[in-house]
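Asker: model the following, please.
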Amino acid sequence: MNRKKIILALLLATIAVVILAPLTADAIPAFARQYKLSCTTCHAPFPRLKEFGNEFAANGFTIPEQERDRDFVTAGDDLLKLNRTFPVGVRFDAYTLIESDSDVTTDLQSPWALKLLSGGALAKDVGYYFYFFMDERGEVAGVEDAYIHFNNIKGSTFDLMVGQFQTSDPLMKRELRLTYEDYMAYKVNVGLSHTNLTYDRGMMMTYDIEKTGTGLVGLICNGNGKPDAEDTEQGTKKYDTDKYKNFAVKVNQNLGPYAGAGYFFYYGKEKGFDPDTPDNFYNNQIIYHGIDCALGNGMFDLTVQYLMRTDDNPGFVANPVDVDTQGLIAELVISPKKDRSRHYFTLLYNQVDSDWNNHDYETMTAGATYLLARNLRATLEYTNNLELKTHRGVIGLVSGF
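Answerer: Just a heads-up that it's a prediction; the model follows:
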């Protein structure tokens, strides 16, 4: 056995001992602390949301039946409703990475992520949520999710969120995945395009048709991510770099207690320039469309998504050709004792197949999670990169407090 394999075997053996040890601890993150509820009320395991957790987020991070006057400072003004306490939580992720065919075969990634988050009520049926990345892979990433949520507007099932969020949220929430491995189809910027399905600034609207079990989501966004505001000729600072706005719709259909399906469509346009001729500007049209389905009973939960993206000029050149990019995500989460489990297992398949060949990506990931406490979990993960013929092992601790 060579030295690399010995190191890998020792590290995997060490984490196996930790994962199997019967440890317990008590700590309560922000929302659990505010409502005096276990993390399992919303998560199984954290940060993955249960149905109640999705409802809690959809209600603007409030539990209406538990909102009491004594929890707020009114200051003698009926139009002012301030929380007596300011809910703040912390998420801390730390990993050890072991990777083949690399100049750095092992890496101690601690902290890999450290962020402050807060959310709660601003007024009746109005909530807020944001988090600040104090450390993301060694850099201060700043604000990522940050929005105001108007819930059940005028007593209807219509909601409006204004701010910064991921345009993939109607598909799957990247921040809530259990794996170190990401959902790669959302992250691809084809060619020189600035558009993908991660963070953007805009508005998200949702409407539920309860009678048919149908959910509708609409998005309007800048389409260029979350860059710093830049000066314009008019003397104002603007986030968007062109006159275009991007639009998306998602239709979700409940197919019974254990199944659902959906369709996603996204249309956008952006202006850019060829680096070889920076005085010449061209437009790129982006279209996403795709389907997804989810099957699950709380013990076995499978999600499969297929996305097709077409760019008509992602290189911003005078004589463009269309570039097609396909993405596939398939994820199975196994919870042996459903939401009371302490062991969880994840199988994840990622594929990106693009006419712009350097975007091609294909991996298979197997992960195991053990809850040392409701808000502290140990993870062990293996990824086989089928495109590069490389292997990666990850040992991690993910905590919230």
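Asker: show me the shaky parts of this protein.
Answerer: In the predicted model of the chain, residues 1-47, 49-71, 74 satisfy pLDDT under 70.
Asker: longest strand anywhere in it?
Answerer: Longest strand in the chain by number of residues, with DSSP state E as the criterion: strand 277-296.
Asker: can you spell out which helices and strands pack onto that one?
Answerer: When contacts are defined as 3 or more C-beta pairs under 8 Å, 6 or more residues apart in numbering; DSSP states H and E, strand 277-296 sits against strand 259-274, strand 300-311. C-beta: built from backbone N, CA, C; applies to glycine.
Asker: just want the angle from the next helix or strand after the last one to strand 277-296.
Answerer: Which is strand 300-311. Moving toward the C-terminus from strand 300-311, the next helix or strand (DSSP states H and E) is strand 323-334. With axes from the mean of the first three to the mean of the last three C-alpha atoms, to 10 degrees as the basis, strand 323-334 and strand 277-296 are set at 30 degrees to each other.
Asker: and strand 323-334, what's buried?
Answerer: Residues of strand 323-334 classed as buried: 323, 325, 327, 328, 329, 331, 332, 333 (neighbour count, 16 or more other C-beta atoms under 10 Å).
Asker: can I get the helices and strands packed on strand 277-296 in JSON lines with distance to residue 109?
Answerer: Listed next are the helices and strands packed on strand 277-296 as JSON lines, based on distance: least, C-beta to C-beta, whole Å:
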{"stretch": "strand 259-274", "distance to residue 109": "32"}
{"stretch": "strand 300-311", "distance to residue 109": "27"}
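Asker: just send those back as a markdown table, with mean neighbour count and distance to residue 216 too.
Answerer: Shown next, in a markdown table, are the helices and strands packed on strand 277-296 (neighbours: other C-beta atoms under 10 Å; distance: least, C-beta to C-beta, whole Å):
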| stretch | mean neighbour count | distance to residue 216 |
| --- | --- | --- |
| strand 259-274 | 18 | 10 |
| strand 300-311 | 19 | 18 |
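Asker: so what's the gap between the longest strand of the chain and the chain middle?
Answerer: Distance of strand 277-296 from its chain centroid, counting by C-alpha atoms, centre = their mean, to the nearest Å, is 18 Å.
Asker: adjacent strands (with direction) for that strand?
Answerer: Here strand 277-296 has these sheet partners by DSSP bridges: strand 259-274 (antiparallel), strand 300-311 (antiparallel).
Asker: and these: which comes nearest residue 379?
Answerer: strand 300-311 (17.6 Å; C-beta to C-beta).
Asker: so which residue is dead centre in this protein?
Answerer: residue 174 (2.1 Å; C-alpha atoms, centre = their mean).
Asker: now that one, nearest residue through space, not along the chain?
Answerer: Nearest non-adjacent residue to residue 174, counting by C-beta to C-beta, 6 or more residues apart in numbering: residue 183, 5.6 Å away.
Asker: do the same with residue 199
Answerer: Once flanking residues are discounted, residue 199 sits nearest to residue 226: 4.7 Å by C-beta to C-beta, 6+ apart.
Asker: run through the helices of this structure in chain order.
Answerer: Per DSSP state H, the chain carries helices over the ranges 3-20, 30-35, 51-58.
Asker: where's the residue of the chain most remote from its centre relative to residue 82, distance?
Answerer: The outermost residue of the chain relative to its centre, with distances by C-alpha atoms, centre = their mean, is residue 76 at 40.0 Å. According to C-beta to C-beta, to the nearest Å, residue 76 stands 12 Å off from residue 82.
Asker: any common contacting residues for these two?
Answerer: Residues touching both residue 76 and residue 82 by C-beta atoms under 8 Å, 6 or more residues apart in numbering: none at all.
Asker: and for the residue lying closest to residue 375 once chain neighbours are set aside, the neighbour number?
Answerer: Nearest residue to residue 375, sequence neighbours excluded (C-beta to C-beta, 6+ apart): residue 400, at 4.7 Å. As a burial measure, residue 400 scores 25 neighbours (other C-beta atoms under 10 Å).
Asker: bridging residues for residue 400?
Answerer: residue 91.
Asker: any idea how far it is from residue 376?
Answerer: Residue 400 is 8 Å from residue 376, where distance means C-beta to C-beta.
Asker: the residue nearest to residue 375 and residue 377 touch, don't they?
Answerer: No. Residue 400 is not in contact with residue 377 according to C-beta atoms under 8 Å; the separation is 9.3 Å.
Asker: wait, what's in contact with residue 359?
Answerer: When contacts are counted by C-beta under 8 Å, 6+ apart, residue 359 touches 188, 190, 325, 352.
Asker: any idea how far residue 185 is from it?
Answerer: Distance, residue 359 to residue 185, by C-beta to C-beta: 10 Å.
Asker: ok, now residue 317?
Answerer: 25 Å.
Asker: one more: residue 248?
Answerer: Plainly put, residue 248 is 15 Å away from residue 185 if you go by C-beta to C-beta.
Asker: do the same with residue 300
Answerer: Separation of residue 300 from residue 185 (C-beta to C-beta): 23 Å.
Asker: still on that earlier bit, list residues touching both of residue 359 and residue 185?
Answerer: Common neighbours of residue 359 and residue 185 (criterion: C-beta under 8 Å, 6+ apart): residue 352.
Asker: what's around residue 142, how many residues?
Answerer: Residues near residue 142, counting by other C-beta under 10 Å, number 12.
Asker: spit out the contact partners of it.
Answerer: Residues in contact with residue 142 (C-beta under 8 Å, 6+ apart) are 132, 133.
Asker: who does it form a beta bridge with?
Answerer: residue 133.
Asker: the residue nearest to residue 199 and residue 201 touch, don't they?
Answerer: Yes. Using C-beta under 8 Å, residue 226 is in contact with residue 201, at 6.3 Å.
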